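Enquirer: what's the 3D shape of this:
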Amino acid sequence: MASLFATPCPLSGRFLAIVTPRPHYRRVLDAPTPVHDDLLDHLVRTTPLRRGEAARVVLDVLSYFDETASEFVRRRHRELQAKGLTNPEIFERIEAELPHRAVAPPQLSLRQLRRIVYG
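Expert: Coordinates of the predicted model:
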């Protein structure tokens, strides 16, 4: 997951959210011999992607699966709420989705899910 920090805009005085990639993922591209070289080679061989595009796909996937259980719950709650689902529907769906994450977190009750979202 990318880190987020705010910086003031010199024109309006409002704070702007700046998203920066985590250093771990930046190293995939910057390293002299990338850690995921074999995966990049495989993607270039088996897809129409060029090496730079394949590296970007790998970075996106790593970033997606780097999300903690709490971050996932909050993100999915926002997404499902934007689709018009009610909280009981949302929390049941999130409860069903959590065990299917790349690294399944401990089973969370509906109450624990609500506490993650609302504190």
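Enquirer: Quick one: neighbours of Leu85, just the number.
Expert: When counting by other Cβ atoms under 10 Å, one arrives at 15 neighbours for Leu85. Every C-beta, even on glycine, is put in place using the N, C-alpha and C of the backbone.
Enquirer: okay, and the helix or strand of the chain with the least pLDDT?
Expert: Lowest on mean pLDDT, DSSP states H and E among the helices and strands of the chain sits helix 23-30, with a mean of 47.
Enquirer: Give me the domain ranges for the chain.
Expert: Domain ranges of the chain: 23-66, 69-118, per automatic domain parsing.
Enquirer: And for the helix or strand following the least confident helix or strand of the chain, what's in contact with it?
Expert: Using DSSP states H and E, the helix or strand that follows helix 23-30 in sequence is helix 37-46. For helix 37-46, the external contacting residues (Cβ atoms under 8 Å, 6 or more residues apart in numbering) are Pro34, Leu49, Arg50, Arg51, Ala54, Ala55, Val57, Val58.
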